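Visitor: coordinates only, sequence not included:
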């Protein structure tokens, strides 16, 4: 009877602790989603026609969602967080819809939101060693692979570029990203998706000795890619790329999605005179 009693008490303790942890996770997730919505709603304006403007190739060049439209305002973002470099969106912002930040180290935004609130959800941020930020030849950008508890936001959808059970054609149907760099809006085209080592891999190279080294890096990335992204076109030494990095199912691997900057979209209003 004593043994049975001890086992019951132990099991009850485990249950209560598990319930406590799950409650904390739920509360943190809810708070994180509220901050996430708060940030993205700063740039949503009403009264748009609900459609999507497209270019001659039929690619989306402005983001709108059911009568509302995303309108980037860098001044507003800086007022919210002075470490903001820009913003990144995928399609209508169903998953990737986040400011891009940069701190003095690579640890802070692993567990802080854009409003500087502590949270395991973290933020999307550029490697602190890259002085040029999003204007670097290869801007390395990190973000957590968030699951269903927070609707796969952040970089939770990047793994789908490698393989997606629900949509094997996902990589074809989502070939671009909208990246706002300071006061400018660019369309980026994905050119590679692959898995790499979690620490110290060549993927995280951000400085290149010359043009040849940069092109070799690009070609090596394409060679490792699970898919061929034809719409990205040929990448030249004059191009700038971004490397998006997040976790995958293996602790010693990272999911990498890389994209090249293409056309600039002239849809950012109220740009201060002389702003770059």
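Guide: Arrived safely. Not measured: the values here are computed from a predicted model. Residues are numbered from 1 along each chain as shown.
Visitor: Phi, psi for residue 219 please.
Guide: Main-chain torsions, residue 219, degrees, to the nearest 10: phi -70, psi -40.
Visitor: Residue 246 now?
Guide: Given degrees, to the nearest 10, the pair of backbone angles that residue 246 has is phi -150, psi 170.
Visitor: and if you look at residue 79?
Guide: phi -70, psi -30.
Visitor: remind me which residues of this protein are low pLDDT?
Guide: The chain contains residues with pLDDT under 70 at 1, 4-7, 9-30, 47-67, 147-151, 250-251, 276.
Visitor: what about the strands in it?
Guide: Taking DSSP state E as the test, the strands found in the chain are 44-46, 64-65, 68-70, 84-89, 97-101, 124-126, 138-142, 176-181, 184-197, 241-247, 253-265.
Visitor: Which among those strands is found nearest to residue 113?
Guide: With CB to CB as the measure, strand 97-101 is the member of these nearest residue 113 (9.8 Å). Where C-beta positions appear, they are placed from N, C-alpha and C, glycine not excepted.
Visitor: Counting by contacts, list what the closest one packs against.
Guide: For strand 97-101, the packing partners by 3 or more CB pairs under 8 Å, 6 or more residues apart in numbering; DSSP states H and E come out as helix 2-41, strand 84-89, strand 124-126.
Visitor: Kindly reformat the strands of the chain as JSON lines containing distance to residue 157 and mean neighbour count.
Guide: Converted to JSON lines, those look like this (distance: least, CB to CB, whole Å; neighbours: other CB atoms under 10 Å):
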{"stretch": "strand 44-46", "distance to residue 157": "20", "mean neighbour count": "12"}
{"stretch": "strand 64-65", "distance to residue 157": "17", "mean neighbour count": "17"}
{"stretch": "strand 68-70", "distance to residue 157": "17", "mean neighbour count": "20"}
{"stretch": "strand 84-89", "distance to residue 157": "12", "mean neighbour count": "23"}
{"stretch": "strand 97-101", "distance to residue 157": "11", "mean neighbour count": "24"}
{"stretch": "strand 124-126", "distance to residue 157": "12", "mean neighbour count": "25"}
{"stretch": "strand 138-142", "distance to residue 157": "14", "mean neighbour count": "23"}
{"stretch": "strand 176-181", "distance to residue 157": "11", "mean neighbour count": "22"}
{"stretch": "strand 184-197", "distance to residue 157": "12", "mean neighbour count": "21"}
{"stretch": "strand 241-247", "distance to residue 157": "9", "mean neighbour count": "22"}
{"stretch": "strand 253-265", "distance to residue 157": "9", "mean neighbour count": "21"}
